[in-house]
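**Q** got a predicted structure here, sequence first:
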Amino acid sequence: MACVARGLVPLLFIQIDALVVVLVLPGVLLTLGADFMFGLVPGGIYVILATTVGGNVAFLIARRFLVTTKMAGYFLYNPRFQSIANLSLRRGWGVVFLTRLIPFFPFKLSNYYFGLAGFSLRDFCIGTFWGALCPS
């Protein structure tokens, strides 16, 4: 019984960390705690998986539920943000990847922005995974 429970702990951690990403909560303690609880390599893998899953969930929430809101109109028709949205057609995953490498870029909020801006789920997932894999 204890072995089964021990095997479920990483899954529970990934779910909680993904929820932190979706809810735009600070997750630095979870990231540090993962390395402490599971070890450097397994903890890092769990954090990368949770970041990718949580980012994809936030992306899909924005794509499905936030497109018709006033906030979406601000992001989609503001000239500053429109230039990034135009890049999604040519270099989608690369734009996502590069934003993941910038430490002061709001990672959790950008998940929602990329969902509104017309990036494909495939490009978003690839860029988020590789950006989370590279330390910034």
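**A** Okay, I see it.

**Q** count the neighbours of N56 for me.
**A** If you count neighbours by other C-beta atoms under 10 Å, N56 ends up with 20. From N, CA and C alone the C-beta is placed, and that goes for glycine too.

**Q** what residues of whichever helix or strand it is part of count as buried?
**A** Per DSSP states H and E, N56 falls inside helix 40-65. Judged by neighbour count (16 or more other C-beta atoms under 10 Å), helix 40-65 contains these buried residues: 43-59, 62-63.

**Q** please report how far the spatially most central residue of the chain lies from V20.
**A** Centroid-nearest residue in the chain: G55, 2.7 Å away (criterion: C-alpha atoms, centre = their mean). As judged by C-beta to C-beta, to the nearest Å, G55 and V20 stand 11 Å apart.

**Q** likewise for N56?
**A** N56 sits 14 Å away from V20, going by C-beta to C-beta.

**Q** over to the residue nearest to F97 when sequence neighbours are not counted. Which of the three states is it?
**A** In space, and not counting its chain neighbours, F97 is closest to G127: 4.0 Å by C-beta to C-beta, 6 or more residues apart in numbering. Put simply, G127 is helix when judged by DSSP: H, G, I helix; E, B strand; the rest coil.

**Q** mind giving me the packing neighbours of the least confident helix or strand in the chain by mean pLDDT?
**A** Within the chain, no helix or strand scores below helix 70-77, which has a mean of 72 by mean pLDDT, DSSP states H and E. Other elements packing on helix 70-77 under the criterion 3 or more C-beta pairs under 8 Å, 6 or more residues apart in numbering; DSSP states H and E are helix 79-101, helix 107-116.
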